[in-house]
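Engineer: What follows is a protein structure lacking sequence information:
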Ligand code: FES
Ligand SMILES: [Fe+2]
């Protein structure tokens, strides 16, 4: 590929049109994104139900860094770089597990869950252990959702907490249970996955199951009256309904919208898939749709949470992780059938994955040119504008 001039590309950007090809295909652009997006903002890592007990951990890989997310002795979540302070070996070699202590496999230095170096065998008496704790990563949680920041000076987390928190709270994520986690590798630039999940222009043509469940998803049904009526009921139940949009300087989007009347859940048959989750008294909470730029999506109904975490692997490959959470008391086989629970988002996710890969394939063509977004793609414009703004601040 010819050498690209990022400044020229950025100054040529026209809001309302899709991005020029190199934004989706050039490693140089991804390199700027690693810095100005992935290492500057709060990044969704996972949820506390993935690590319910002290010592439970999972690894989240961003670019060349593996981050250990581990539950401490008092329930708090710690985040450390997975690199030993002795000679740098990776410490956790499994993607998830449980460890009373973190023991480096190379020379067995022993670290506590909070990263404190406890034991460095055969080192001299004057060796100062306090200088060799694990290198920490900034970590915050809101209502059980775990975010990390690789920035030296992380942005204020409170706008995320205030935007997403009220919508997530009734699910009682800390007491919930992971029913299933699946990872998919898509041959598409990460921004195409994000863009796809910021519009429903494609839903009528691509998602029959989704359109059966969500009234208005085909963009042909007027939902104004139903939404107003439902908002009233939801507010009486104390459920958050206030739309939150991503505005300059913020990263969160939140909305609650109705399912089609008679539909109880996001399911292939319209029926509920599990018992109401957390504090939800019934199956009538509609859909909670949350986004946090750059990598967090949550689409949830009364009986389960579905989250999506997207992470670039390289400019043309993206890891997509789906996680399904159910009420902590729900028993598989009795209160929910795993296949019934996951079918809706597996089908819809496969459809979306295909669309993203098709989109990427076409963008790789020499004949690709930016095309115009329509009015129903306003949230895609919002996302792409946000990305360009971050790149300009590089
Ligand atoms: S590299 Fe970890 S103990 Fe030596
Ligand atoms: Fe979709």
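Structural biologist: Noted; the coordinates are in hand. None of the values given here were measured: they were computed from a predicted structure. Ligands and ions are numbered 1, 2, ... in the order given.
Engineer: Just give me the neighbour total for the residue nearest to residue 107 when sequence neighbours are not counted.
Structural biologist: Closest residue in space to residue 107, ignoring its immediate chain neighbours: residue 86 at 6.0 Å, by CB to CB, 6 or more residues apart in numbering. Bear in mind the C-beta positions are built from the backbone N, C-alpha and C, glycine included. The tally of other residues near residue 86 (other CB atoms under 10 Å) stands at 16.
Engineer: if I look at residue 86, how far off is ligand 1?
Structural biologist: 3 Å (CB to the nearest ligand atom, to the nearest Å).
Engineer: Could you number the chain from 47 rather than 1 from now on?
Structural biologist: Sure, I'll start numbering at 47, so the last one becomes residue 132.
Engineer: Who are the contact partners of the residue nearest the centre of the chain?
Structural biologist: Nearest to the mean C-alpha position of the chain, by CA atoms, centre = their mean, lies residue 342 at 2.5 Å. By CB atoms under 8 Å, 6 or more residues apart in numbering, residue 342 lies in contact with 90, 191, 193, 336, 353, 354, 355.
Engineer: With residue 85 instead?
Structural biologist: 109, 196, 197.
Engineer: how about 10 Å then?
Structural biologist: Residue 85 makes contacts with 79, 108, 109, 111, 195, 196, 197, 198, as judged by CB atoms under 10 Å, 6 or more residues apart in numbering.
Engineer: try residue 417
Structural biologist: Contacts of residue 417 by CB under 10 Å, 6+ apart are 63, 64.
Engineer: end to end, how far does stretch 417-430 reach?
Structural biologist: 13 Å (CA to CA, to the nearest Å).
Engineer: thinking again about what came up before, where's the residue nearest to residue 153 relative to residue 168, distance?
Structural biologist: 11 Å (CB to CB, to the nearest Å).
Engineer: Give me the nearest residue to residue 361, chain neighbours excluded.
Structural biologist: Counting by CB to CB, 6+ apart, residue 361 lies nearest to residue 76, which is 4.4 Å off, once chain neighbours are set aside.
Engineer: thinking again about what came up before, intersection of neighbour lists for residue 132 and residue 168?
Structural biologist: With CB under 10 Å, 6+ apart, residue 132 and residue 168 have common neighbours 153, 154.
Engineer: what about stretch 404-415, distance to the chain center?
Structural biologist: In this view, stretch 404-415 has its centroid 26 Å away from the chain centroid, taken as CA atoms, centre = their mean, to the nearest Å.
Engineer: next one: stretch 417-430
Structural biologist: That offset, for stretch 417-430, works out to 21 Å (CA atoms, centre = their mean).
Engineer: Give me the buried positions along it.
Structural biologist: 419, 423, 425, 426, 427, 428, 429, 430 (16 or more other CB atoms under 10 Å).
Engineer: which SS class is the third one?
Structural biologist: Judged by DSSP: H, G, I helix; E, B strand; the rest coil, the three-state class of residue 425 is helix.
Engineer: picking that back up, mind listing what the residue nearest to residue 153 touches?
Structural biologist: 150, 152, 153, 154, 155, 163, 166, 169, 178.
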